[in-house]
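In: how would this look folded up:
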Amino acid sequence: MTAQSAEQDDHDTLMKVKAVPELIDPDAEPFVTEAVHELVESHIPFLVAGTYAVCAYTGISRRTKDFDIFCKAGDYARILGHFKSRGYAVEVEDERWLGKVLKGSHFFDVIFASSNGTMPVGDDWFEDARKVEMCGHTVRIVSPTELVWSKCFVQLRHRYDGADVAHVILKAHDSIDWRKLLAYLEVHWEVLLIHLLNFRWIYPTERDKIPRWLLDELMDRLKAQQELPLPQMKICRGRMYSRVDFEIDVKEWGFADVGGEGELRGD
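Out: Alright, predicted model coming up:
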């Protein structure tokens with residue numbers, strides 16, 4: 001058996017989850033069960049993500065108000081349409097990345113990218129997905145690699161997912177495809193470096209969970225960057241973390257947003 005086929009067999013084997021979240025509203029349980037059944041019956045590819053995935057890989061069990069699924073952008077409208085045809089309410093909260101399926105006070109999110117546009121869900125997300133049992137069905141759950149990536153930019157004043165990133169690295173580091181994760185964050189490699197340094201600081205005895213080559217690569221990039229002059233245009237990429245928290249930088253302090261023009265430093 002080749003390493004590749006062994007890895008594929010591992011992905012095809014039903015994974016035993018380490019923990020499951022607790023719904024804040026117990027009355028939502030029938031809704032979640034029904035929604036998972038409908039998703040499976042639709043035969044439209046999807047991945048369970050969010051708190052369910054964090055619990056599955058880390059063993060942390062925490063309360064949640066809903067559940068998230070990831071899908072490709074091309075399938076997002078199909079999923080909403082499937083549920084609409086069955087009497088559910090649907091909402092397009094933000095056509096750049098997020099829709100919702102609702103019944104009464106219960107809902108689940110249908111996500112195909114991140115709010116900052118850095119995380120389009122593609123075929124490669126499904127290649128490494130694991131299979132788990134959920135509500136009596138076998139479903140696919142986002143892999144640790146994509147789970148980390150999906151949380152790297154969640155850094156708002158009222159919500160920070162850095163603890164999830166650290167916990168997934170701690171408990172599932174041997175299942176993370178680090179080269180794939182680096183490729184996802186190629187343009188924003190400093191964000192990955194921040195999370196890795198954060199992990200090393202939080203768990204000094206677990207530093208070896210991060211491949212040495214990866215840290216060397218990122219530190220080498222940092223060293224090369226230090227030799228360059230400062231950028232001419234004032235840029236605030238903080239808006240990729242939070243548009244609200246870094247609004248003043250763009251509207252009043254002359255920094256360019258993620259796209260568009262800003263002031264020049266003038267020195």
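In: Centre-most residue in the protein?
Out: Note on the chain: the residue nearest the mean C-alpha position is Ser150, at 1.5 Å, using CA atoms, centre = their mean.
In: who's in contact with stretch 212-222?
Out: For stretch 212-222, the external contacting residues (CB atoms under 8 Å, 6 or more residues apart in numbering) are 178, 182, 189-190, 192-193, 196. All C-beta atoms are positioned from the backbone trio N, CA, C, and that covers glycine.
In: Apply 6 Å and report the result again.
Out: Applying CB atoms under 6 Å, 6 or more residues apart in numbering, the set of residues contacting stretch 212-222 from outside is 178, 189, 193.
In: Stretch 108-120 now?
Out: For stretch 108-120, the external contacting residues (CB under 6 Å, 6+ apart) are 35, 66-71, 73, 76, 79, 97-101, 121, 150, 153, 240.
In: picking that back up, taking the contacts of stretch 212-222 one by one, which sit in helices?
Out: Members of the contacts of stretch 212-222 lying in helices (criterion: DSSP state H): 178, 189, 193.
In: pLDDT weak spots in the stretch 151-267 of the chain?
Out: Where the stretch 151-267 of the chain drops to pLDDT under 70, the residues are 261-262, 266-267.
In: Skipping its backbone neighbours, what lies nearest Lys180 in space?
Out: Take Lys180 and drop its neighbours on the chain: the residue closest to it by CB to CB, 6 or more residues apart in numbering is Thr145, 5.3 Å away.
In: burial of that neighbour, as a residue count?
Out: Neighbourhood size, Thr145 [other CB atoms under 10 Å]: 22.
In: which residues sit in contact with it?
Out: 176-177, 180-181.
In: Present these as JSON lines; the columns should include secondary structure, distance to Gln225 and neighbour count.
Out: Formatted as JSON lines, those follow (DSSP: H, G, I helix; E, B strand; the rest coil; distance: CB to CB, whole Å; neighbours: other CB atoms under 10 Å):
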{"residue": "Ile176", "secondary structure": "coil", "distance to Gln225": "25", "neighbour count": "23"}
{"residue": "Asp177", "secondary structure": "coil", "distance to Gln225": "25", "neighbour count": "17"}
{"residue": "Lys180", "secondary structure": "helix", "distance to Gln225": "23", "neighbour count": "16"}
{"residue": "Leu181", "secondary structure": "helix", "distance to Gln225": "20", "neighbour count": "18"}
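In: Which of the three states applies to Thr138?
Out: Following DSSP: H, G, I helix; E, B strand; the rest coil, we place Thr138 in the strand state.
In: picking that back up, just want to check the distance between the residue nearest to the centre of the chain and Trp213.
Out: To Trp213, Ser150 is 24 Å away according to CB to CB, to the nearest Å.
In: what does Leu47 give?
Out: Note on Leu47: its distance to Trp213, by CB to CB, is 28 Å.
In: When those two are compared, which one has more neighbours?
Out: Per other CB under 10 Å, whichever of Leu47 and Trp213 has more neighbours is Leu47, with 23 against 11.
In: shouldn't that one be in contact with Phe70?
Out: Yes - using CB atoms under 6 Å, Leu47 is in contact with Phe70, at 4.4 Å.
In: shared neighbours of the two, anything?
Out: Residues touching both Leu47 and Phe70 (CB under 6 Å, 6+ apart): Val142.
In: average pLDDT for stretch 19-33?
Out: Stretch 19-33 shows a mean pLDDT of 89.
In: Can you give me the end-to-end span of it?
Out: Start to finish, the residues bounding stretch 19-33 are 17 Å apart (CA to CA, to the nearest Å).
In: Correct me if wrong: Lys72 contacts Asp123.
Out: No - counting by CB under 6 Å, Lys72 sits too far from Asp123 to count as a contact (7.4 Å).
In: ok, the two, which is more surrounded?
Out: Neighbours were counted for Lys72 and for Asp123 using other CB under 10 Å; Lys72 has more, 19 against 8.
In: Weed out the non-buried ones from the contacts of stretch 108-120.
Out: Among the contacts of stretch 108-120, those buried by neighbour count (16 or more other CB atoms under 10 Å) are 35, 66-71, 76, 79, 97-101, 121, 150, 153, 240.
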